[in-house]
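Chemist: here is a sequence with its predicted model. Questions after.
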Amino acid sequence: MSRLLITDAHLLHPETGIRTDPAWIEVADGRIAATGTGRPPGAGQDVRVLSAAGATVLPGLIDAHVHLLVTSLDMTAVASWTPGYLTVRALAEAERMLRRGFTTVRDVGGADHGMAQALAEGLALGPRLVHGGKALSQTGGHGDLRPLGDDSVPCCESRPHFARIADGVDAVRAAARDEFRKGAAHLKVLLSGGVASPHDEIAAVQYSEEEIRAAVQEAENHNRYVTAHAYHPRAIDRALRAGVRCIEHGNLIDETTIQLLLERDAFLVPTLVAYEQTAKLSRQSGLPESSYRKLTEVRDHGLAALEKAHRAGVNLVYGSDLLGPLHSAQLEEFTLRAEVQPAADVIRSATSTAARLLRMEGEIGTLAPGAHADLLVVDGDPLADLTVITRPERRLRHVIKAGSVL
């Protein structure tokens, strides 16, 4: 049994927002065995002792909205890539995510069981991957990227992609069952227009209530849940009333939507950094003009929506939704949220609250005994200065995944 003892550390407990006086944390066989203050337990020959020298230890970060497979915005080039090459590129990005401090990520469109298995077995270095397979899109929805002149009918949809098309209750049921058959931990449905899909409107409502309820029922039958891509209240309210547990983005939420989120104890995953970084990339990203107009619309409302949800007490979870060359800005979501949220709340969104969304509370996002020993050792106090987290090249001393120090 491998053991690790970290001494002289300030422990940051995200659930309470408390950073302790100098303390110790003991790890055994990849799990947190004990924590305490005062004199640490004796270290035998089989124990590695790591002195934090006054640094802060906090749980590894959780990004609940990633697309590991989308490593390029050059769709012409991507069309010629093989599944093997796509996977190798994705796993390389997974390692970079881990080295930024993300020890768990939830993929909401594209990643599959093979990638999760490779990471779990240590065949590639990266975070714990909680994947949902392919998202479900209606014809002409956010996941249907065919050009207007393409009259072909989607067939088989076996190639790696972030979404698959399913129309009608029966087709949605079949697609949901297929994704759960392949190991999906959740199911994502695309319920409104999006920035990256050039032919729909942000305010468009996609999928009928009957189709959404079919997806929710299949998820519940498999002890899973549904999360929904949606910006506009019309789409979000329909989703919540149909039993959807989580909303991705939600930039245009209103007071009625906020009340529904609270009543259903649902989760909201804003992704502000995606719009900021896409705007900075400008026309080099390859997005058409129609997408830039939509980008401006949702970007201008995103921070205000986050502030309203925070003040109301909505369950807020950290998400980045960065694609291709934008992945390197994954930590900048902290900076944006800190404009309207205290640091403790932003950290909680990327740890304990995210763990509740993933139904892994007590397992990740916490320093409680029994949890996976996914830990960060950082110079400074993140509660007082979030650059302690957002500048890993300067402030991140160690990433510890399942008790192993990278």
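Modeler: Received it, and whenever you're ready, just let me know what you need.
Chemist: contact partners for Gln277?
Modeler: Gln277 makes contact with Leu322, Leu326, Ala329, Glu332, according to C-beta atoms under 8 Å, 6 or more residues apart in numbering. C-betas here are computed from N, CA, C, even on glycine.
Chemist: spell out the secondary structure type for the second one.
Modeler: Classification of Leu326 by DSSP: H, G, I helix; E, B strand; the rest coil places it in helix.
Chemist: from here on, count from 420
Modeler: All right, first residue 420 from here; so that's Leu745.
Chemist: that one: what's it in contact with?
Modeler: By C-beta under 8 Å, 6+ apart, Leu745 lies in contact with Ala693, Gln696, Thr697, Leu700.
Chemist: apply 7 Å and report the result again.
Modeler: Contacts were defined as C-beta atoms under 7 Å, 6 or more residues apart in numbering; by that measure Leu745 touches Gln696, Thr697, Leu700.
Chemist: the first one too?
Modeler: Residues near Leu741 by C-beta under 7 Å, 6+ apart: Val692, Ala693, Gln696, Ala748, Gln749.
Chemist: looking at those residues, which are in strands?
Modeler: Among the contacts of Leu741, no member falls in strands (DSSP state E).
Chemist: between those residues, which sits nearest Gln536?
Modeler: Gln749 (23.2 Å; C-beta to C-beta).
Chemist: the closest residue to the closest one other than its chain neighbours: how many residues sit nearby?
Modeler: Nearest non-adjacent residue to Gln749, counting by C-beta to C-beta, 6 or more residues apart in numbering: Ser739, 4.9 Å away. Residues lying near Ser739 (other C-beta atoms under 10 Å) number 27.
Chemist: what's the mean pLDDT across stretch 635-655?
Modeler: The pLDDT scores in stretch 635-655 average 97.
Chemist: next: stretch 817-824.
Modeler: Mean predicted lDDT for stretch 817-824 stands at 97.
Chemist: which positions in that stretch come out as buried?
Modeler: His817, Val818, Ile819, Lys820, Ala821, Gly822, Val824 (16 or more other C-beta atoms under 10 Å).
Chemist: contacts for that stretch, please.
Modeler: Counting by C-beta under 7 Å, 6+ apart, 421, 423, 446, 449, 469, 517-518, 520, 522, 791-796, 825 sit against stretch 817-824.
Chemist: residues in contact with the closest residue to Gly587 other than its chain neighbours?
Modeler: Nearest non-adjacent residue to Gly587, counting by C-beta to C-beta, 6+ apart: Glu630, 6.9 Å away. The contact partners of Glu630, by C-beta under 7 Å, 6+ apart, come to Gly587, Val588, Val591.
Chemist: using the three-state scheme, assign the last one.
Modeler: Recorded secondary structure, Val591: helix (three-state DSSP).
Chemist: this protein: helices as residue ranges?
Modeler: Here the chain has its helices, by DSSP state H, at 494-497, 502-518, 532-539, 588-600, 628-640, 652-660, 674-682, 691-700, 708-731, 751-756, 762-768, 771-776, 806-809, 811-814.
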